[in-house]
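Asks: For reference, the sequence and a predicted model appear below.
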Number of protein chains: 2
Amino acid sequence: MPRTGRPRAFNRDEAVLAAMFLFWEHGFESTSLAQLRAAMGHISAASFYAAFESKEALFRETVERYKATYGRVMESYHDQRLAPKAAIEQGLRRSARMQTEGSHPLGCLVVLSGISCSPENQHIQEMLAKEREKNRDGIKDCIERAIANGELPDTVDVPMMVTMFDTFLLGISTQARDGIPFGQIDAAITHLMSIWDALSRKNG
Amino acid sequence: MPRTGRPRAFNRDEAVLAAMFLFWEHGFESTSLAQLRAAMGHISAASFYAAFESKEALFRETVERYKATYGRVMESYHDQRLAPKAAIEQGLRRSARMQTEGSHPLGCLVVLSGISCSPENQHIQEMLAKEREKNRDGIKDCIERAIANGELPDTVDVPMMVTMFDTFLLGISTQARDGIPFGQIDAAITHLMSIWDALSRKNG
DNA sequence: TGAGTTTTATACTAATCGATCCAGAAGTCC
DNA sequence: GGACTTCTGGATCGATTAGTATAAAACTCA
């Protein structure tokens, strides 16, 4: 927030939002500076680099913005107040709903925007992989909490359970991109969650 | 197959294979001509364009090569000799095994190599989406065959079932990229398939 | 008013993008 | 051997890539 000097002619927040939508749709490498600058209000290259250090720095900022907004659909995995099963189910359903909405690009930015990069941008790939790892950890916490409170038997294979729900979660991105409607994914989630009930019953 | 003229100095088949691995790993747009030519045996630009019309034509050829080799793990969906449940299960397990192998890039080329492109290459995205659509159709055929032969009740929601198995299948690509081992995915498939048994039992 | 600060427009950089041109090399066929 | 065909090395194409240099514009503050 500079107190002196010429004021910025564009809204920085809106510009980041526009950039996020572009990266979300086309990915980090396939989104060019020219596209970004046009979408951010036809700003000049000088304005771009004055406000955002580089294309990569802007991308990192859009990932943070995404996590703080659209990406919050998955925060239930880290919400200790929710019952483990409800946390996982809610994360899946809200992700499916968000990713199929028509008001923004389809699928998940964290999954789609850097799944394949040139060798020189491998660190972008790794940065997004770490974000996905955090989700996996959240799902793992839910499974472990369920075992701890007796909801699931302690004989259950934790990594397997994590992989089962997370693989489905990751698949939603491509399904959404391919135009599969929310209703079908949501109905599939209902049946996926029945696995939890089946394992839970064995415990009773 | 030219009968006259100077013979080609490189093996075309091997070159396509090398190109396939690059596209598989980095995607269509993030793989440059320079990278391709180097991997194909340090061939010149002239040699490249003489043998392959364009970068896009080569990519289409590598997709065909992929479908005819590594991609055959999913042909069980279209194998009428297999029981429907076995067909789906085999497709999932073989895909998981292939995509986690260390002898080639991780994940599925059809899912990963063109999931996000620049606007001018949207047709590449659509081409790969059509390939995924063929898989979906194969899974749908399996579900419908199971209903027809009484294996599943005719009350089952076909699009839901297709989406359930296909979402998991698509998720394997990202899981494999993230280094999740085959064993975990395979164990998850076992539990995913239990949904089939649960629906099947209701029929008896 | 004028010093200090920040953003702006404009022009420009070197590198890379996919693709092409041309001359010569290296074959087959008669 | 000579005509014909195809491939190769090397230079090059125009367009685009991310990023920068410069100086004027537009603001705050004293």
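Replies: Right, received. Where do you want to start?
Asks: Could you use CA atoms for every contact and neighbour count after this?
Replies: Will do.
Asks: Give me the distance between A:Asn149 and B:Arg6.
Replies: 75 Å (CA to CA, to the nearest Å).
Asks: Counting neighbours, go ahead and name the busier of those two.
Replies: Neighbours of A:Asn149 and B:Arg6, each counted by other CA atoms under 10 Å in any protein chain shown, are more numerous for A:Asn149; the result is 12 against 7.
Asks: Not counting residues beside it along the chain, what's closest to A:Gly138?
Replies: A:Tyr77 (4.8 Å; CA to CA, 6 or more residues apart in numbering or on different chains).
Asks: The one you found contacts A:Glu144, correct?
Replies: No: counting by CA atoms under 8 Å, no contact exists between A:Tyr77 and A:Glu144, whose distance comes to 11.8 Å.
Asks: Please say which of those two ends up with more neighbours.
Replies: Taking A:Tyr77 and A:Glu144 together and counting by other CA under 10 Å, A:Tyr77 has the greater number of neighbours (27 against 19).
Asks: where does that one land on pLDDT?
Replies: In this prediction, A:Tyr77 carries a pLDDT score of 97.
Asks: With A:Asn203 instead?
Replies: Per-residue pLDDT puts A:Asn203 at 60.
Asks: how close does the residue in chain A that DNA strand C sits nearest to get to DNA strand D?
Replies: With CA to the nearest atom of the strand, the shortest gap between chain A and DNA strand C falls at A:Gly5, namely 2.7 Å. Counting by CA to the nearest atom of the strand, to the nearest Å, the gap from A:Gly5 to DNA strand D is 3 Å.
Asks: For the residue nearest to A:Gly138, give me its contacts.
Replies: Counting by CA atoms under 8 Å, 6 or more residues apart in numbering or on different chains, A:Tyr77 touches A:Ala87, A:Ile88, A:Gly91, A:Asn135, A:Gly138, A:Ile139, A:Asp141, A:Cys142.
Asks: Of those, which is the nearest to chain B?
Replies: Within the contacts of A:Tyr77, distances to chain B taken as CA to the nearest CA reach their minimum at A:Asn135, with 12.3 Å.
Asks: So that closest one, which state does it fall into?
Replies: A:Asn135 falls in the helix class when you classify it by DSSP: H, G, I helix; E, B strand; the rest coil.
Asks: and it, what does it touch?
Replies: Residues in contact with A:Asn135, defined by CA under 8 Å, 6+ apart, are A:Met74, A:Tyr77.
Asks: And the pLDDT at it?
Replies: On the pLDDT scale, A:Asn135 is placed at 97.
Asks: quick one: buried residues of the helix or strand bottoming out on mean pLDDT in chain A?
Replies: None of the helices or strands of chain A scores lower by mean pLDDT, DSSP states H and E than helix A:182-203, at a mean of 92. When neighbours are counted by 16 or more other CA atoms under 10 Å in any protein chain shown, the buried residues of helix A:182-203 are found to be A:182, A:184-189, A:191-193, A:195-196, A:199-200.
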